[in-house]
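Chemist: I'll drop the sequence and a predicted model, then ask my questions.
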Amino acid sequence: MANNVTVVDHPLVQHKLALMRRRETTTAEFRTLLREISLLLAYEVTRDLPLTEVEIETPLAKTKGPKLEGKKMVLISILRAGNGLLEGMLDLVPSARVGHIGLYRDPETLVAVEYYFKVPEGLEERQVIVVDPMLATGNSAAAALSRIKDAGARTIKYVCLLAAPEGIEALGEAHPDVPIYTAAIDERLNEHGYIVPGLGDAGDRLYGTK
């Protein structure tokens, strides 16, 4: 495994992921499970956020306590399925700024094509976390990270639910400075660029489309 990959193997994450993989899991159940896993992934990916001490007053006395340092972080969702991860992370970090990048994968070439981009200002001074459930070929993720870097981001982490070895390798080559956080690394990609065993199309299962 690449040195820049962290697999979040918490029992609750793995249990909920197994439920998400099941064919019979409903859209509502899938959506709820993804939101719950997202919160747990957010807990792990934000573990090293910088802190500073501030003075506070409890009902009994004055003391000092930790407070997040610097400008508020930015969560950037790769549309559309990234929004499923985004919502759970916002439950944990409700003050985060939010950006969106719209990409679709050309079915013939598997190359990522951008159709939307809107992010907060001042990315160069903020921790940026990019979210998308599936790291398959890595083409969309690499294109998104390049675009986000062009917009000024300097400190970036990439969070996904599932990753294929091919996607990890491609993203690692394109952006070796960006650590990857995932709940599982699956076996391979099939001939259509889908993760196997995977869980199907995350966006379709999240939104009930086919």
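Modeler: Happy to help now that I have it. Residues are numbered from 1 along each chain as shown.
Chemist: so I56, which of the three states?
Modeler: Secondary structure, DSSP: H, G, I helix; E, B strand; the rest coil: I56 is strand.
Chemist: The closest residue to it other than its chain neighbours: what secondary structure?
Modeler: Counting by C-beta to C-beta, 6 or more residues apart in numbering, G65 is the residue found nearest to I56 once chain neighbours are left out, at 4.8 Å. For the C-beta atoms, the positions are set from N, CA and C on the backbone; glycine is no exception. Under three-state DSSP, G65 falls in the strand class.
Chemist: check contacts around G65.
Modeler: Taking C-beta atoms under 8 Å, 6 or more residues apart in numbering, we find G65 in contact with E53, V54, I56.
Chemist: Also E125?
Modeler: Contact analysis of E125 by C-beta under 8 Å, 6+ apart lists G70, K71.
Chemist: and it, how far is that from E29?
Modeler: Applying C-beta to C-beta, to the nearest Å, the value for E125 to E29 is 39 Å.
Chemist: now E57
Modeler: 44 Å.
Chemist: Out of these two, name the residue with the larger neighbour count.
Modeler: Of the pair E57 and E29, E29 is the one with more neighbours under other C-beta atoms under 10 Å, namely 14 against 8.
Chemist: nearest residue to that one other than its sequence neighbours?
Modeler: E29's closest residue in space is L19 (C-beta to C-beta, 6+ apart), at 7.2 Å.
Chemist: tell me which residues of the lengthiest helix in the chain are tucked away?
Modeler: Under DSSP state H, the helix in the chain containing the largest number of residues is helix 27-45. Residues 30-42, 44-45 are the ones in helix 27-45 that count as buried (16 or more other C-beta atoms under 10 Å).
Chemist: mind listing what's buried in stretch 66-85?
Modeler: Neighbour-count burial for stretch 66-85, counted by 16+ other C-beta under 10 Å, picks out 73-85.
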